[in-house]
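In: this one's sequence-less:
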């Protein structure tokens, strides 16, 4: 097999570390019936890590398999914890970074929830333009200060004034991230002083914590802090900082357009990322088997559920219970997903208040960040089920 070229730095020094067959290509597609969930489109994971820059990518990714339509729902704001995190992010941008009286463009705005918060922030005076081909909702909002376009943001959007560009959890879905960044840079040709903010998962956190359910088809491009910085520097941006947010799970990058691009050279830390990936790949089979054994033991105590019908929960269910013999159901606070089914396995998705009626004794929590919130939800629902962190 010919060497694979890294999409970020063009190096041919990439090594494979994780291979999975027949994984659901969508983790957040709302499946209204079990038959549709079982028949979900599947693809292949063939994850490589670049030894020169630390970028991680799926060599077998096929964009044609994906369809981000009206039935796609990755909304996290139904969680009070996550919505508070977004409020804190908005407050930081407005108060610390001075995003006031600004024209804000959001690339891949989804349903516009975050952009709406930025524009509606008290005393900010902001105006917003959301770009997303799959956007569903009104074309304008907030007395015309918020406008949505159902298209990609690229050089054809130079007519839209931009003081700030925000892009959260989009670049990991793109097989050619440099192309996306060049498109954003082209759109900012008339805005040389614009500020750019990106947020994306941190692959080093995933690898270091052995989170086997954080590799899935939709995320074909995963960044270390070094590879994220390099991608921006190679595509016409000056990176001001890259920090870890959301308990270390996400990377937050701040940049500005630049007239120059940085030549490629081995990124500091790339070898450490490659070593993490190598060790993860060796350990993955053991980790999956350990989880299957643990779940089988927990089932002896009574019915068992999973908390979180997002990407993590869907991936975990497909990894450890593909035939629905161990997990009774999956819990989620998103009402749009409740009474629907997990892609691939067909596990039923229920509301927290359904756990008592189903006599669930133990619930596995996919993301420890939500522990306190979910404990309160269990208590409010009158459930005495045990909530178990994956790290326990």
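Out: Good, I have the coordinates. This is a predicted model, so every value here is computed, not measured.
In: In stretch 191-211, which of the residues would be classed as buried?
Out: Residues of stretch 191-211 classed as buried by neighbour count (16 or more other CB atoms under 10 Å): 191, 194-207, 210-211. Using the backbone N, CA and C atoms, a C-beta is placed for each residue, glycine as well.
In: Okay, and which of the residues you listed map to strands?
Out: 195, 196, 197, 198, 199, 200, 201 (DSSP state E).
In: For the last one, give me its contacts.
Out: Counting by CB atoms under 8 Å, 6 or more residues apart in numbering, residue 201 touches 169, 172, 214, 219, 222, 223, 249, 250, 251.
In: Give me the neighbour count for the fourth one.
Out: When you say that, I think you mean residue 219. 25 (other CB atoms under 10 Å).
In: same question, the second one
Out: The number of residues packed near residue 172 is 18, by other CB under 10 Å.
In: again with the last one
Out: Applying other CB under 10 Å, we find 24 residues neighbouring residue 251.
In: nearest spatial neighbour of it, skipping sequence neighbours?
Out: Once flanking residues are discounted, residue 251 sits nearest to residue 202: 4.8 Å by CB to CB, 6 or more residues apart in numbering.
In: Wait, that neighbour touches residue 225, no?
Out: Yes - counting by CB atoms under 8 Å, residue 202 does reach residue 225; the two are 7.1 Å apart.
In: overlap in contacts of the two?
Out: Common neighbours of residue 202 and residue 225 (CB under 8 Å, 6+ apart) are 244, 251.
In: Give me the contact list for the lengthiest strand in the chain.
Out: Counting residues, the longest strand found in the chain (DSSP E) is strand 14-24. The contact list for strand 14-24 (CB under 8 Å, 6+ apart) reads 3-6, 40-51, 57, 59, 215-217, 274, 277-278, 280-281, 284, 314-315, 318, 343-344.
In: Just the buried residues of the residues you listed.
Out: Of the contacts of strand 14-24, these count as buried by 16+ other CB under 10 Å: 4, 6, 40, 42-51, 57, 59, 215-217, 274, 277-278, 280-281, 284, 314-315, 318, 343-344.
In: Please narrow these to those residing in helices.
Out: With DSSP state H as the criterion, helices contain 274, 277, 278, 280, 281, 284, 314, 315, 318 from among the buried ones among the contacts of strand 14-24.
In: which two in these are spaced the farthest apart?
Out: 274 and 314 (27.8 Å; CB to CB).
In: where do the strands sit along the stretch 51-200 of the chain?
Out: 56-58, 103-107, 127-131, 140-141, 146-149, 164-168, 195-201 (DSSP state E, counting those that start in this stretch).
In: burial count for the closest residue to residue 246 other than its chain neighbours?
Out: Nearest residue to residue 246, sequence neighbours excluded (CB to CB, 6+ apart): residue 85, at 6.3 Å. Number of residues near residue 85 (other CB under 10 Å) recorded here: 18.
In: Tell me the buried residues in stretch 316-335?
Out: 316-321, 324, 326-334.
In: for the residues you listed, which one is nearest residue 154?
Out: residue 334 (30.8 Å).
In: quick one: secondary structure of that closest one?
Out: Three-state call for residue 334 (DSSP: H, G, I helix; E, B strand; the rest coil): coil.
In: Backbone dihedrals for it, please?
Out: For residue 334, the backbone dihedrals are phi -80, psi 110 (criterion: degrees, to the nearest 10).
In: give me the number of residues near the nearest residue to it once chain neighbours are set aside?
Out: Nearest non-adjacent residue to residue 334, counting by CB to CB, 6+ apart: residue 78, 4.5 Å away. Counted with other CB under 10 Å, the burial measure for residue 78 works out to 14 neighbours.
In: can you pull out the helices in the protein?
Out: Under DSSP H, the chain gives helices at 34-38, 80-91, 113-120, 177-187, 203-208, 225-234, 270-299, 311-320, 371-380.
In: I'd like a version of those in CSV, one that adds mean pLDDT as further columns.
Out: Formatted as CSV, the helices of the chain follow (pLDDT from 0 to 100):
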stretch, mean pLDDT
helix 34-38, 94
helix 80-91, 92
helix 113-120, 95
helix 177-187, 94
helix 203-208, 96
helix 225-234, 94
helix 270-299, 93
helix 311-320, 93
helix 371-380, 90
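In: Out of the ones you listed, which is closest to residue 64?
Out: Going by CB to CB, the one of these nearest residue 64 is helix 177-187, 16.3 Å.
In: low pLDDT regions in this protein?
Out: Where the chain drops to pLDDT under 70, the residues are 1-3, 68-77, 261-268, 390-392.
In: residue closest to the middle of it?
Out: With distances taken as CA atoms, centre = their mean, residue 169 lies nearest the centre of the chain, 5.0 Å away.
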